[in-house]
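Q: Would you be able to build a 3D model of this:
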Amino acid sequence: MFKVTICDPLIKEVIHQGAISKEGVLPAFRDFPWGDMLAKMRTAKEADIHFSPSIRFENTRDGHVFEISIVEDKKETVFYLFYGESAEDAVPSELLDQNASATADILAEFAAGHYDRVEERFQAGPAKPESMGGAQRPWWKFW
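A: Predicted coordinates for the structure are as follows:
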């Protein structure tokens, strides 16, 4: 089971979503309203924005944590990934500039408990543009 929390840009507190099975992890990522959250940020005052939109999964059995945040600038929209061996991990590993396809692949490894593969992906760094599934497509059309 995985405990799920989300951050809405315009809400000061983290929102607890309950628990889901490992089969629910990828759908939770794919169904998260990334576009709606980014749209809220575009029209909000900067002082009203508290977080980047994000979703966090914590394995309730072993404490491993995987968090996904999205960032938009004038050129592109990318996911930032954070992985820790426990919720108390003071300095989680981070992997920046990921597209939706690469993010889903790494998240699937995390949900399956293949932490060695997750670590390898984080150590390898960002995907090369030619391996990002066509960097010209909008991020929401990767699935």
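
Q: make it CA atoms for all contacts and neighbour counts henceforth
A: Fine.

Q: what about the strands in the protein?
A: Secondary structure of the chain (DSSP state E): strands at 2-7, 15-20, 54-59, 65-72, 77-84, 93-98.

Q: which of the ones you listed sits most buried?
A: Using mean count of other CA atoms under 10 Å, the stretch among the strands of the chain with the largest mean neighbour count is strand 54-59, at a mean of 24.

Q: partners of that one, with directions?
A: Here strand 54-59 is paired, per DSSP bridges, with strand 2-7 (antiparallel), strand 65-72 (antiparallel).

Q: and these as CSV, adding mean pLDDT and distance to E85?
A: CSV is the format used below for the strands paired with strand 54-59 (pLDDT from 0 to 100; distance: least, CA to CA, whole Å):
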stretch, mean pLDDT, distance to E85
strand 2-7, 98, 14
strand 65-72, 95, 6
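
Q: The strands of the chain: which one's closest to W34?
A: strand 65-72 (7.5 Å; CA to CA).

Q: G24 and E119: what is the separation?
A: Per CA to CA, to the nearest Å, G24 is found 22 Å from E119.

Q: repeat for F57
A: From F57 across to E119, the span is 16 Å (CA to CA).

Q: cool, and R42?
A: Counting by CA to CA, the gap from R42 to E119 is 34 Å.

Q: and what of W34?
A: 25 Å.

Q: How about the residue nearest in space to the middle of the chain: what's its closest non-neighbour residue?
A: Nearest residue to the geometric centre of the chain (CA atoms, centre = their mean): I68, 1.5 Å. Nearest residue to I68 in three dimensions, chain neighbours excluded: L81, at 4.8 Å (CA to CA, 6 or more residues apart in numbering).

Q: list the contacts for the one you found?
A: Counting by CA atoms under 8 Å, 6 or more residues apart in numbering, L81 touches F66, E67, I68, S69, E94, L95, L96, Q98, T103.

Q: ditto for K22
A: Applying CA under 8 Å, 6+ apart, the residues contacting K22 are M1, F2, A111, A112.

Q: related to what we said a few turns ago, neighbour count for W34 and E119, which is higher?
A: Neighbours per residue (other CA atoms under 10 Å) separate W34 from E119, with W34 holding more: 20 against 16.

Q: ok, so what distance separates the nearest residue to that one once chain neighbours are set aside from E88?
A: Leaving aside its sequence neighbours, W34 sits nearest to P53 (CA to CA, 6+ apart; 6.9 Å). Separation of P53 from E88 (CA to CA): 21 Å.
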